[in-house]
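A.B. asks: I would like to see how this sequence folds:
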Amino acid sequence: MMRRVVGKVALMAALNSSAVALLMLPFGFRIVVETFEPEKMKEALTAAIKNHPSLLTRIYFDQDGELRQEYRPDYLIDIAIEKISDEELEAKKHELSRPFKMIDKRLYRIRLYVTPSAGYIFFDVHHTVFDGASFKVLIGDIVKTYYGTPMEHDYYYRDLSVQGEIMASDAYLEAKKYFEGLYDGDDFVRLPKIDHDVRENKLGHLSATLALHEKDMEAVEKRYGVSRNAFFSLATLLAIALYNKKPNVQFSWTYNGRDDLQKLAETGLLLKDLPLALRLKKKDAIKALYASMQKQINDGIARSCYAYTLVNAEAVTDDSVCFLYQQDIRDGGDLEQLNVETVDVEQNKAASENALDVQMLEGKEGLTLILDYSASLYDEKSIERFRDLFLAVTTSLSELGKDEKASVGKLIHKADKKVHEKDSLSAG
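C.D. replies: Presented below is the predicted three-dimensional model:
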């Protein structure tokens, strides 16, 4: 089946130079040798990949110069079982993730190694055909097949056809009107102020563990009727406002696009970036901001057929923070049945996808903040400042959870105090 390439990330990725590792999702697992059956795992990996047509996608230009994608079952890799020493494996794992050539090439790689001590699975895939939620789907199918359980069918390409029909509907035009009416305007700040106006693209990375207790988070969610996504979306908007000292803020958040049970069994680039915005006043009640966040999230999902938030074909020219809240895809999930541990895979020649990506990952060790940013646009100390503001805002929101009359002004005062205290400790 031949289809026009759908989605802003797909278009951006396909036109990007293959000289850098952009929009790649590598992962690796180590399986203890006592429980590892290589031939059985090879069959499970092959069957799981074959079940997901997004992985067997070819991107190409047609005769009119239009970018197209099609299902190519011959892109299924004949996986080899490679027996090597532990020392050879250690050297190889740093070379496994490398840039993809987008046009007329497979968009995934997989290696199955057996050493004297363990079995290893290494998988690398391009974001054009795979998103974070796809990871859980694929892992689940590998485990199902390994233990002889049937997989659910993946209707990815059929759903692409349906998406094309929706774009010609009245609902699509209504959604367009909704987003433009609420989010158009040139008075919003969408990023922490950029330090350098350059076209280079180098990746920077910072992370931090949040000092938030599960019971405190649950209390805020119950009291104000908000999702955890809404809580951290609000925190991100407030951190942008405090960093820039500007009251009108906007960014995009990533919705996983799984809006029905059928899509829960699909891999592919189903995610959608949806806008959120606030026009802040110090007298505004935090309670009202929570309500606004949750309403915008719900209304945006209901109208997500229209892609209001667009990213240009060239990386790092998008002028908005992109926020994502999800379970940490590095957690094995279903693979834990096989007694595995994750293996870090280095991304060679890594580049930044956006000026600043803010990710909240929920994993076994708690909540982790990940900031991936353009190190060409930002100095590290600037991103450290944004990180400190974000952490101060999230802690302050949690501490003010029982105060339904708490205002933006009170939160700003509380967050500023925390940042100043941290600065004083660091200076000392």
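A.B. asks: Asp357 sits in which helix or strand?
C.D. replies: strand 356-363 (DSSP states H and E).
A.B. asks: what segments of the chain are helices?
C.D. replies: Secondary structure of the chain (DSSP state H): helices located at 8-15, 38-50, 86-92, 132-146, 156-166, 170-183, 214-224, 228-244, 286-302, 380-399, 408-427.
A.B. asks: the fourth one vs helix 156-166, what angle?
C.D. replies: Interaxial angle of helix 132-146 relative to helix 156-166 (axes from the mean of the first three to the mean of the last three Cα atoms, to 10 degrees): 150 degrees.
A.B. asks: state the mean pLDDT of helix 132-146.
C.D. replies: Averaging pLDDT along helix 132-146 gives 91.
A.B. asks: one more: the first one?
C.D. replies: Model confidence over helix 8-15 averages 43 on the pLDDT scale.
A.B. asks: so in terms of bridging, what pairs with the closest residue to Asn244 other than its chain neighbours?
C.D. replies: Spatial nearest neighbour of Asn244, excluding adjacent residues (Cβ to Cβ, 6 or more residues apart in numbering): Val189 at 4.8 Å. For glycine as for every other residue, the C-beta is placed from the backbone atoms N, C-alpha and C. For Val189, the beta-bridge partners are Val249 (DSSP bridges).
A.B. asks: surely Val189 meets Leu237?
C.D. replies: No - in this structure, Val189 is not within contact of Leu237 by Cβ atoms under 8 Å, at 10.0 Å.
A.B. asks: between those two, who's got more neighbours?
C.D. replies: Applying other Cβ atoms under 10 Å to Val189 and Leu237 shows that Leu237 carries more neighbours, namely 25 against 21.
A.B. asks: tell me how far the more buried one lies from Leu397.
C.D. replies: 12 Å (Cβ to Cβ, to the nearest Å).
A.B. asks: returning to that earlier point: Leu25 is nearest to which of the helices of the chain?
C.D. replies: Closest approach to Leu25 among these is made by helix 132-146 (7.0 Å; Cβ to Cβ).
A.B. asks: list the contacts of the closest one.
C.D. replies: The contact list for helix 132-146, computed with Cβ atoms under 8 Å, 6 or more residues apart in numbering, reads 25, 27, 40-41, 43-45, 47-49, 51-52, 54, 130, 150-151, 256-258, 264-268, 270-271, 324, 326-327, 329, 332-335, 337-338.
A.B. asks: again with stretch 378-393
C.D. replies: So stretch 378-393 is contacted by 192-196, 204, 206, 208, 210-211, 235-236, 238-239, 242-243, 355-356, 358, 369, 371, 373, 411, 414-416, 418-419, 422 (Cβ under 8 Å, 6+ apart).
A.B. asks: of the residues you listed, buried ones?
C.D. replies: 192, 194, 204, 210, 235-236, 238-239, 242-243, 355-356, 358, 369, 371, 373, 411, 414-415, 418-419 (16 or more other Cβ atoms under 10 Å).
A.B. asks: so Tyr172 sits right up against Cys305, yeah?
C.D. replies: Yes - the pair Tyr172 and Cys305 qualifies as a contact (Cβ under 8 Å) at a distance of 5.4 Å.
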